[in-house]
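>>> what follows is a protein structure lacking sequence information:
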């Protein structure tokens, strides 16, 4: 990303962070999404959009001072968001809320579809290249879950893995899905030919 483009993205992030602080509320579901040192490009915004769709309680960002909010398509302003420098700080926040913690990783832990998942929990996703910023043995209360895969790929894109984990939590604990409500779309109102 060029310096000029990054400066524009960071400026937009600050504008949307201001809206987040003023308007965000906790979602109706009982899970928190934790993003541990993700790259500040499109994955973080996509996860915000998915978390908004699934009604995540909140999102915790570790080691990120900004991210590109464009892929969130406005969802950043809706979800309560907390920023932490280290996983240890975030861990203390999650523990104070009494949340069970699950680290998603491709090669360790129980299968997401078969393992126990507490209703009140945090789903922790690591960096796209290096994984989580903390050692498993330093936080023994953080359990590992893996998403079943049948193909040759070693892992899923982090935004896809987040979506699968959020769906599984909602499938188990989310209750009956609400009816689809068509909300007004500003783009369609401005351009009736897109209907």
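Structure received. In this text the structure is predicted, and so the values were computed from the model without any measurement.
>>> what's the local residue count around residue 117?
Residue 117: 21 surrounding residues under other C-beta atoms under 10 Å. Yep, even glycine has a C-beta here, placed from its N, CA and C like the rest.
>>> any low-confidence regions in this structure?
1-2, 181-195 (pLDDT under 70).
>>> any chance you could map the helices in it?
3-23, 42-54, 87-96, 158-173, 186-190 (DSSP state H).
>>> quick one, which of the ones you listed gets closest to residue 134.
Nearest of the helices of the chain to residue 134, taken as C-beta to C-beta: helix 87-96 at 4.3 Å.
>>> from the contact counts, what lies against the closest one?
Applying 3 or more C-beta pairs under 8 Å, 6 or more residues apart in numbering; DSSP states H and E, we find helix 87-96 packed against strand 31-36, strand 58-62, strand 81-84, strand 100-104.
>>> what do you get if the cut-off is 7 Å, keeping everything else the same?
strand 31-36, strand 58-62, strand 81-84 (3 or more C-beta pairs under 7 Å, 6 or more residues apart in numbering; DSSP states H and E).
>>> show me what contacts residue 133?
36-37, 62-63, 87 (C-beta atoms under 7 Å, 6 or more residues apart in numbering).
>>> ok so, going back, minimum distance to residue 157: which of the helices and strands packed on helix 87-96 has it?
strand 31-36 (13.3 Å).
>>> and the closest one, what does it pack against?
Applying 3+ C-beta pairs under 7 Å, 6+ apart, one finds that strand 31-36 makes contact with helix 42-54, strand 58-62, helix 87-96, strand 121-126, helix 158-173.
>>> re the thing from before, which of the helices and strands packed on helix 87-96 sits closest to residue 124?
That would be strand 31-36 among these, by C-beta to C-beta, at 4.2 Å.
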